[in-house]
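>>> Could you work out the structure for the sequence below:
(chains A and B)
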Amino acid sequence: MAVTDQREQNKGETGYNWLFFVGGDAWYLRLFVIFLGAAAGGIFYVWYTQHSNDASPDSIAGYTYAIIGTIFLLLATVLYSLNRRSHKKRTVGQLHRSLNWHICFGVLGLVFLFLHSFGNFNLRSGTYALYGMIALTLSGAVGRFLDRLIPRLITGEVHKALTVMGDDRMETISQKLQAIVVHNTQDLHGFASVPGEKSHTASTSLVSLSGPVSSDFSFMHKDQALQTPWDLAYISLEATPQELSREANHYRFIPDKKSELTRPGALMPGAQEHISELQEVEQAMQREIFYRYVIRYWRKFHVLLALLMLALTLWHIIYAGQLLLPVLLHR
Amino acid sequence: MLKTGFESGANSVVMLHKTVPQVAQELHACIGCNECLLACPAATDSITIDVLNRETLAGPISVPVARFARSCYQCGACIAPCPVGLHRDAMMMWLKVRMLRSGWGE
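Residues are numbered from 1 along each chain as shown, chains lettered A, B, ... in the order given. Purely as a prediction, here's the structure:
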């Protein structure tokens, strides 16, 4: 038991699982604030609609919702952005807390602005501003999901691109492939030297070959060539030594119609597999780049939506102000 | 040589990962100023840079470092503040690959 514990301790934390959650008191506090804010807004909404005849966006309750929602939105936008860009000395984890408040205020802002509408979606500017807000909050939620998904996908691709020892797998495969090509090129050159010796007799040319080819044909000494009389009666139906050695290495590069060597790439055994591996690594690296772009541009998309939402809100405030100010001034 | 990181102003295609020798080189070049962790929006625990550096390359991974690696979403916020121009995101990537492989029983 103690040995197992020690082994676990030596191994440390393992796995890069999807279902990973770090709660903590701070996280539950933010969740509580969201529920408390939404519940307070909701209860007041129900009470107000039952006890008032003026349940509209331009009522006192409607303005209150609008102001509170806008404050939450501004807090969500400004606090995190300022905190990120601030050069003030931070502590580790401060930005994470700030990001959590950003989410909390964003959700509360959406809830209060939705309540501000009182179900009235006739005014175009306000409806568009609300749609913008919903799109912004959804893009944030999707972004958080992508923050969890994409790094895991990238890690899977990097795992393919690195060897067990953490070296560049593409380089390793390229080296192996290069070695195969060099080896086979040398073999082909060795074999290709035979046609160059056309002027000599067959036995001389075979004897002149170096390496395994010449040693395999050593039994064919030139003194022994055609010493026996040429008579069909002496031809045996048994396999000759040459036929028996048909499967030997020096026949590797003599393809016939039935031979496997006629296959494309058969003259470079192992090369095709390495080329496939190279393609696999290349695809993994391309996917890695794509995933990085998703992370990068989703943030830009979220910021763009925030700017759009801000513009729509300003348009709505100016539009509503033009309608309401004359009424308020003439009261 | 693989290019890495969110280099500021670089529009060219960049790779996130680095090989282990490159990661080791960067870890040795780290001056331990902690700027990368301070700029990280994913860091929740108060982990220290020396512990992170020690556990990134090899050896057992402690709970806070593993939690940090799982939370890290490769946003690249750690690169710009580094005074010596290191790529913490590439180091974190190797840590994640290690964790992924260890999870498969390798």
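
>>> All the helices of chain B, residue numbers only.
Here chain B has its helices, by DSSP state H, at B:20-29, B:35-38, B:49-57, B:63-71, B:88-103.

>>> Show me what the second one is packed against.
By that I understand helix B:35-38. Applying 3 or more Cβ pairs under 8 Å, 6 or more residues apart in numbering or on different chains; DSSP states H and E, we find helix B:35-38 packed against helix B:49-57. Where C-beta positions appear, they are placed from N, C-alpha and C, glycine not excepted.

>>> quick one: the helix it packs on to chain centroid distance?
Put simply, helix B:49-57 sits 9 Å off its chain's centre (Cα atoms, centre = their mean, to the nearest Å).

>>> count of neighbours near the closest residue to chain B within the stretch 51-200 of chain A?
Residue of the stretch 51-200 of chain A nearest chain B, by Cβ to the nearest Cβ: A:Gly166 (2.8 Å). By other Cβ atoms under 10 Å in any protein chain shown, 21 other residues sit near A:Gly166.

>>> Show the contacting residues for it.
A:Gly166 is in contact with B:Thr19, B:Val20, B:Pro21, B:Val23, B:Trp94, B:Val97, counting by Cβ atoms under 8 Å, 6 or more residues apart in numbering or on different chains.

>>> Of those - the most surrounded one?
Busiest of these [other Cβ under 10 Å] is B:Trp94, holding 26 neighbours.

>>> Look up the pLDDT of the nearest residue to that one once chain neighbours are set aside for me, please.
Nearest non-adjacent residue to B:Trp94, counting by Cβ to Cβ, 6 or more residues apart in numbering or on different chains: B:Val23, 4.8 Å away. Here the pLDDT value assigned to B:Val23 is 91.

>>> near chain B, which residues of the stretch 201-331 of chain A?
A:Met285, A:Glu288, A:Ile289, A:Arg292, A:Ile295, A:Arg296, A:Arg299 (Cβ under 8 Å from any Cβ of the partner chain).

>>> Show me which of those residues are buried.
Burial by neighbour count, judged by 16 or more other Cβ atoms under 10 Å in any protein chain shown, picks out A:Met285, A:Glu288, A:Arg292, A:Ile295, A:Arg299 from these.

>>> Regarding the third one, which helix or strand does it belong to?
Put plainly, it is A:Arg292. Secondary structure assigned from DSSP states H and E places A:Arg292 in helix A:271-329.

>>> That helix - contacts with which helices or strands?
When contacts are defined as 3+ Cβ pairs under 8 Å, 6+ apart, helix A:271-329 sits against helix A:60-85, helix A:124-161, helix A:169-192.

>>> at 10 Å instead, please
Judged by 3 or more Cβ pairs under 10 Å, 6 or more residues apart in numbering or on different chains; DSSP states H and E, helix A:271-329 is in contact with helix A:60-85, helix A:94-117, helix A:124-161, helix A:169-192.

>>> winner for burial among these?
Neighbour counts (mean count of other Cβ atoms under 10 Å in any protein chain shown) averaged over each of these peak at helix A:94-117, with a mean of 21.

>>> between it and helix A:271-329, how many degrees?
Per axes from the mean of the first three to the mean of the last three Cα atoms, to 10 degrees, the angle that helix A:94-117 makes with helix A:271-329 is 50 degrees.

>>> Quickly check: helix A:94-117 near chain B or not.
Yes. Applying Cβ under 10 Å from any Cβ of the partner chain, one finds helix A:94-117 in contact with chain B at A:Gln94, A:Leu95, A:His96, A:Arg97, A:Ser98, A:Leu99, A:Asn100, A:His102.

>>> Just give the nearest non-adjacent residue to the fifth one, would you?
Excluding its sequence neighbours, the residue lying closest to A:Ser98 (Cβ to Cβ, 6+ apart) is A:Asn83, at 4.3 Å.

>>> swap in the second one?
Leaving out its chain neighbours, the residue that sits closest to A:Leu95 by Cβ to Cβ, 6+ apart is B:Pro41, at 4.2 Å.

>>> hang on, the earlier thing: what's the closest of the buried ones among the residues of the stretch 201-331 of chain A next to chain B to A:Gln272?
The nearest member of these to A:Gln272, counting by Cβ to Cβ, is A:Met285 at 20.6 Å.

>>> quick one on the thing from earlier: quick check: angle from the helix holding A:Arg292 to helix A:124-161?
Using the same axes, to 10 degrees: helix A:271-329 against helix A:124-161 is 160 degrees.

>>> Give the rounded mean pLDDT of helix A:271-329.
Helix A:271-329 carries an average pLDDT of 87.

>>> Kindly report the same for stretch B:40-51.
For stretch B:40-51, the mean pLDDT works out to 85.

>>> That one: which residues count as buried?
Under the neighbour-count rule (16+ other Cβ under 10 Å), stretch B:40-51 has B:Cys40, B:Pro41, B:Ala42, B:Ala43, B:Thr44, B:Asp45, B:Ile47, B:Ile49 buried.

>>> for that stretch, the distance to its chain's centre please.
Centre-to-centre, stretch B:40-51 and its host chain are 11 Å apart (Cα atoms, centre = their mean).

>>> Just the C-alphas of it, formatted as CSV.
Taking C-alpha atoms only, stretch B:40-51 is exported to CSV below (Å, rounded to 0.1, in the frame of the first residue of the first chain):
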residue,chain,number,x,y,z
CYS,B,40,-2.1,35.3,-16.8
PRO,B,41,-6.0,35.4,-16.7
ALA,B,42,-6.1,31.7,-16.1
ALA,B,43,-3.9,31.4,-13.0
THR,B,44,-6.0,30.9,-10.0
ASP,B,45,-3.6,29.5,-7.4
SER,B,46,-0.7,31.4,-6.1
ILE,B,47,1.9,29.1,-7.7
THR,B,48,5.4,30.3,-8.0
ILE,B,49,7.5,30.5,-11.1
ASP,B,50,10.3,28.3,-9.8
VAL,B,51,7.9,25.4,-9.1
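
>>> pLDDT below threshold where in chain B?
Filtered on pLDDT under 70, chain B yields the residue ranges B:1-15, B:104-106.

>>> do that again at 90, thanks
For chain B, the stretches flagged by pLDDT under 90 are B:1-21, B:34-35, B:38-39, B:41-48, B:55-67, B:70-71, B:73-77, B:80-81, B:99-106.
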